[in-house]
Every structure is written in structure tokens, then in C-alpha cells.
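J.: Output the structure for:
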Amino acid sequence: MCVGKLGKLIKLFQCLSKEADTEWVFIDGGYIKAHQHTCNVANKTEQGIGKSMGGNTTKIHLVLDACGNPIDFLITGGQVHDVKVAPQLIEQNKQVLSKHTEALSADIGYDCDELREQIKQTNTTPNIPKRSNSKSKDQNPIDDYLYKLMKNAKDLERLLQDMISYWCIIKVQ
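T.: Below is the predicted model:
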């Protein structure tokens with residue numbers, strides 16, 4: 001993919017995400033199965049493709065506003081765990097989170113005390129359920145309404161599928 005095209009795509013995305021409804025923010029990610037020929041040995045630049053159990057995969061990590069519209073995203077190799085990328089996404093969006101956001105919701109894959117502390121530093125309430133085997137002393141209950149809203153929102157799944165489709169188009173050009 002041409003770096004110039006990627007730069008234009010990112011600028012367009014940033015312009016569209018300026019008017020986000022950030023009362024509630026959601027973080028989630030999804031996988032893209034990479035074709036076997038996408039791992040170009042001759043091109044040593046980082047392409048966000050990694051080896052995982054499913055073969056060559058890419059993962060899109062998204063930050064969504066209360067309406068399900070994307071605010072920001074990161075692309076990593078498929079083997080990168082959600083909780084490893086979340087601090088970077090929160091840091092990149094610290095200004096958005098500290099102004100108006102009441103709660104940041106994420107699924108159980110983001111269960112980490114350090115991440116919860118980082119979210120609290122932005123004056124935002126973390127809404128992340130604990131794993132059944134969690135040793136965390138933090139006893140903040142989650143807001144079931146927000147969590148169900150995030151998990152039931154098909155907008156996220158549709159957005160991920162659209163990004164997968166467009167990513168494939170961009171990779172081909």
C-alpha cells in the first residue's frame with residue numbers, strides 16, 4: 001500500500017471523527033484473515049500482519065463514541081492482545097476522554113488493573129468486567145446497561161467488517 005494513500009485515509013478519518021459524541025466510549029478489536037501472499041518478504045516495512053493461531057492475521061483496535069462511530073483506531077499484527085494496545089489508544093485520545101467522557105466500556109479481554117488506573121487518570125469511569133479468576137482488589141461494579149449496549153451494538157461488528165473490506169481494497173491498490 002502506498003504511504004501517501006494511507007496518510008490521506010487517516011486525515012479523512014480524523015476529520016470525520018472530530019464531532020464524536022464522547023459521553024460514553026467503547027474499545028474493541030477484530031481480526032482480519034490475511035491472504036498468504038500478503039506477507040511480502042522483499043518489503044521489510046511494518047504492515048500490521050502477524051502470526052496467530054489462525055495463520056497470518058491483522059487486528060483492528062477501535063475506539064467508538066456513544067453512537068458507535070469510530071473515534072480512533074490502531075492496526076497491529078493478529079497476535080497482539082487487546083490489553084497491550086489499549087493504553088496506547090487511551091493515551092492518543094486523552095484529550096477526548098478527559099473532557100466529556102463519563103465511562104469507557106470494554107470487554108473482558110481488557111481486564112487489567114494498570115489499564116483501569118490509566119482510564120481513571122482521565123477522569124473517566126472504567127466499565128470493564130473482571131475475569132472469573134481475577135486477583136484484582138478493585139471492586140468497582142460495572143454498568144450492565146453500558147456493557148450490554150456495547151456487546152449488543154451491531155454497529156461495531158458492521159464497522160469492523162466494512163473496515164476489513166476497505167482494508168482489502170486499499171491493500172490491493
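J.: Would you mind measuring from residue 94 to residue 57?
T.: 29 Å (CB to CB, to the nearest Å). All C-beta spots, glycine's among them, are computed from the backbone N, C-alpha and C.
J.: Ignore what I typed, I meant residue 15.
T.: Residue 15 is 29 Å from residue 57, by CB to CB.
J.: Pick out whichever of these two has more residues nearby.
T.: residue 57 (20 against 9; other CB atoms under 10 Å).
J.: quick one, phi psi at that one?
T.: The phi/psi pair for residue 57 (degrees, to the nearest 10) reads phi -140, psi 160.
J.: Name whatever forms a beta bridge with it.
T.: residue 33, residue 50 (DSSP bridges).
J.: Pretty sure it sits against residue 75.
T.: No. Using CB atoms under 8 Å as the test, residue 57 is too far from residue 75 to be in contact (11.2 Å).
J.: And the helices in this structure?
T.: Applying DSSP state H to the chain gives helices spanning 3-16, 82-92, 94-100, 113-120, 144-152, 154-172.
J.: worst average pLDDT in the ones you listed?
T.: Sorting the helices of the chain by mean pLDDT places helix 154-172 lowest, at a mean of 59.
J.: contacting residues for the residue nearest to residue 114 when sequence neighbours are not counted?
T.: Using CB to CB, 6 or more residues apart in numbering and skipping the chain neighbours, the partner closest in space to residue 114 is residue 87 (7.5 Å). Contacts for residue 87 (CB atoms under 8 Å, 6 or more residues apart in numbering) come out as 114, 115, 118.
J.: Can you flag the buried ones in these?
T.: 115, 118 (16 or more other CB atoms under 10 Å).
J.: nearest to residue 28, of the contacts of residue 87?
T.: Residue 28 lies nearest to residue 115 out of the contacts of residue 87, by CB to CB, at 13.8 Å.
J.: Which residues are in contact with the closest one?
T.: Counting by CB under 8 Å, 6+ apart, residue 115 has contacts 83, 86, 87, 90, 126, 128.
J.: Next one: it from residue 58, what distance?
T.: Counting by CB to CB, the gap from residue 115 to residue 58 is 22 Å.
J.: Residue 66 reaches residue 25, doesn't it?
T.: Yes. Counting by CB under 8 Å, residue 66 touches residue 25, with 7.5 Å between them.
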